[in-house]
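S.K.: This is the structure alone, sequence omitted:
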């Protein structure tokens, strides 16, 4: 019978001792932090995915607490791609955070039972914003509003002037129509570069590329009908949008890897490395204009609207803007007043300044000091574009619809699916959407 | 009758092997080495990829994702440590992972022993029940799990996560230990019992040393997934300051702001403790070089 | 020592009956006490949520409105859903690769077990992929498998240009790629597991067989495999649950089920249904179907191992 060297048992016991002492230390630290909270200060828990980055949020909390000395903010930050998984159980158990974040539009509306309606004095802060309808039911500010937005988000077509010049095109006059774009792409491909850097994986295509094509065919009333589930995908307007999206790859604009790569970071990296002429991506948060400018040189970067298919469409000239992060107070919160104060502050001027200076985000606040913004041609072009906002069609899609849209687009691009079949799938997704029945 | 369940002493084994190797032709052994080298390259290249990328700037990565760069920068590591409260997160991870590992191993030891060596009613049923708990997809129980944790009052606590880790690691651990114990002949235990040893003593003095390789393999397996897990810590601890190291690393990538070099740096930092644990335990898996068990 | 034991057994036969009875009683109590901690953990944190999830699968959940009882309608809708059917078809295809998952690490483990030059290095190298978090694995392999990525560059350079296809774009090749990447991630764990199993093998038995003139394959198939069957059974169950459950983070990082639904697997469908489609009831139904499928298969493997285990003699 073999006897173990004492080492094994000893190691086991040492391990146990370390674990036990670790637990004790951890519990002590926890108790210490609890006792530090004074009783005349309200602490609110804010669930968020840190849009704009950690540095910005540290500054935000510091500035807010300075302006509101009786309120302390406890951030509960979770990664964006896990956000809905974590928020879901909080909603079903009606417990947890006092303030929560969601994307505007359907994502927020589907969760409206978890939010408290904003009282009139908080809504006052909304008047300073370019728009805040994304947090209001049916995008109608006269109906119930559940949150105020942090910043403005949307899609533009960035272009690399050096690549355009190399392809023999005029860098100061990039293509404005779909046909001009197709011709430009031929020239770009002739010099061995990708024309449009594109990634179709995940939810990006549905949310950000769909509205750019949809603006050619829909009016704002059409969009409201879409939200209510009253505009079927078999309608000729909707089919035209799908056909438009399909023609991006049919006309050879994009890289062949598009169906299986992400837009961020894969697609954006193709553009950023100077290997593509165009990239259709977002304006804020990841500070694409700043990152692209840093990589390609500010003088080399331009930003424009996506090329139009129907040049004189009612919304062709407008900007599909999305209030990308809407903050509201949870229905079950016991500290609603403090929560509302936070929401009001989010929409305020002070936060707007922080957003642009630290996070490079685009704010909705009309009173923000434009002269303090960085000098970049692409940024000034963007700021001009956002002056005429319209509804964002991507925010009108349910989870089923954006999933079917993205997957269908991938398959159509690979030739595995026809547009007719894609339309059928979209219609089925609409029928299965709980918020649209 | 040969009591064959304990590792033989080193000397015999090495003697046996050298006899064996002369029987094989040199060509085959070179071929074997070549195959192993090729497979190693395939497994090591991506790790090398991660380390190299962690030393690139963002633009350098965009222009050349798969290549080397001579422009080495440590800014990603600096940024990682700046964004994460590294000592705190590291402590959180260590406490919860070590706690979960310890608890699941101990519980599994007791369970495996009881199910294979003690005669209790319904032991096969208990065993099958525990194994079937292995195959529950975590996605379907996320909502109910959170509700259960809240009901038990463990929301946002270390112990909540430790218990959850232990419960999730239990089926695997029990299964492997039971497999090991079953191959240990009962006579060994009988002898110990007749010597007057109690059940606990038998478990820890007789079975534990013999199953050291299994426990080592289990510890590595469980440690890695517990350390790397994102879902359980997020559900149980939320985004509070008790969050684990991997959650902190996941937060290095924002909604739109995905910097591969930064994530790579975070991952290298999170990988180091795992490597340390691996090196610590792997000696037990093949106790060749160690002075070995005394007969 | 062996003789002493058999002597003891013979000599104590008459008195053994008595001590055996009371021994059994005490043994049962001790046994149940031993089983208690593990059982409590499993019941509280796995069984209870599972039962609650099963109940959830019988409800109709429309977003976050109050759920209503719906009986089996979630299951009925599920089997008519083309995406669900494709997901399970993909799962069966992935399942068909199971033999590779079982045998390949075993062969490597036996090779390393020979302690040829650098065996420690190989063992560590093979295990590294398991330690890398899936998000980085996904990003890496998207680059490596891109149409002009490293793999295709290598294939073209070695004259295998026709094989340099668009790996992640094709419906079959994407599933194959996903499975291969998963295997890359997990095989090192199998090597480690088998090594720990091989460590308990009796050197004498192997030596005896070798001296009897058994060749390498005979040794492997007739001697080694039967001796480590329990470990093989364990690894099989682990791979099964790995293929059908633990692969989720990898799918999320590499393909998100795409392009289209070619790499959609049931565990990913549970995720999209529950969180993107806001349909917890349907998600729970799919999850329950998955659970039953995997549990049945695992029980089958375990039972076979039982038959082996209890019938095994040394």
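M.R.: Looks like it arrived, so ask away. Note that the coordinates shown come from a computational prediction; the quantities given were computed from them, not determined experimentally.
S.K.: which residues in the chain form strands?
M.R.: You didn't say which chain, so I picked chain A. Under the criterion DSSP state E, chain A contains strands at A:42-48, A:71-77, A:99-102, A:148-149, A:152-160, A:194-197, A:276-282, A:301-304, A:319-323, A:326-329, A:389-390.
S.K.: Not quite, go with chain C.
M.R.: Remark: strands assigned in chain C by DSSP E are C:59-60, C:68-69.
S.K.: Tell me which of these lies nearest to chain A.
M.R.: When these are compared by CB to the nearest CB, strand C:59-60 sits nearest chain A, at 9.4 Å. Quick note: C-beta positions are derived from backbone N, CA and C, even for glycine.
S.K.: Neighbouring strands of the closest one in the sheet, and parallel or not?
M.R.: strand C:68-69 (antiparallel) (DSSP bridges).
S.K.: got a markdown table for the strands of chain C, with mean neighbour count and mean pLDDT too?
M.R.: As requested, the strands of chain C are arranged in a markdown table below (neighbours: other CB atoms under 10 Å in any protein chain shown; pLDDT from 0 to 100):
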| stretch | mean neighbour count | mean pLDDT |
| --- | --- | --- |
| strand C:59-60 | 18 | 89 |
| strand C:68-69 | 10 | 88 |
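S.K.: Could you report the neighbour count for residue B:94?
M.R.: Residues lying near residue B:94 (other CB atoms under 10 Å in any protein chain shown) number 18.
S.K.: can you check residue A:142 too?
M.R.: Residue A:142 has 9 nearby residues by other CB under 10 Å.
S.K.: cool, residue A:82 as well?
M.R.: Neighbourhood size, residue A:82 [other CB under 10 Å]: 20.
S.K.: Could you pull up the residues touching the nearest residue to it once chain neighbours are set aside?
M.R.: Of all residues not flanking residue A:82 in the chain, residue B:234 sits nearest, at 5.7 Å (CB to CB, 6 or more residues apart in numbering or on different chains). Applying CB atoms under 8 Å, 6 or more residues apart in numbering or on different chains, one finds that residue B:234 lies in contact with A:78, A:79, A:82, A:85, A:86, B:243, B:247.
S.K.: so the first one touches residue A:88, yeah?
M.R.: No: Residue A:78 lies out of contact with residue A:88 (CB atoms under 8 Å); the separation is 11.7 Å.
S.K.: got any ranges where chain A has weak pLDDT?
M.R.: For chain A, the stretches with pLDDT under 70 are A:1-39, A:285-287, A:372, A:437.
S.K.: Give me the distance between the residue positioned nearest the centre of it and chain B.
M.R.: Nearest to the mean C-alpha position of chain A, counting by CA atoms, centre = their mean, stands residue A:324 at 4.9 Å. To chain B, residue A:324 is 8 Å away according to CB to the nearest CB, to the nearest Å.
S.K.: count of neighbours near the nearest residue to that residue once chain neighbours are set aside?
M.R.: Closest residue in space to residue A:324, ignoring its immediate chain neighbours: residue A:153 at 3.5 Å, by CB to CB, 6+ apart. Look at residue A:153: counted by other CB under 10 Å, it has 28 neighbours.
S.K.: Likewise for the one 4 residues further on?
M.R.: Burial of residue A:157 is recorded as 19 neighbouring residues (other CB under 10 Å).
S.K.: do you know how far it is from chain C?
M.R.: Distance from residue A:157 to chain C, counting by CB to the nearest CB: 23 Å.
S.K.: same question, residue A:155
M.R.: Separation of residue A:155 from chain C (CB to the nearest CB) stands at 20 Å.
S.K.: Chain B versus that residue, what's the distance?
M.R.: Residue A:155 is 11 Å from chain B, by CB to the nearest CB.
S.K.: residues contacting the residue nearest to residue C:147 when sequence neighbours are not counted?
M.R.: In this structure, residue C:147 finds its nearest non-sequential neighbour in residue C:166, 4.7 Å apart by CB to CB, 6+ apart. Residue C:166 makes contact with A:256, A:257, A:260, C:147, C:173 under the criterion CB under 8 Å, 6+ apart.
S.K.: How many residues are close by the residue lying closest to the last one once chain neighbours are set aside?
M.R.: It refers to residue C:173. Spatial nearest neighbour of residue C:173, excluding adjacent residues (CB to CB, 6+ apart): residue C:167 at 5.2 Å. Using other CB under 10 Å, residue C:167 is surrounded by 24 other residues.
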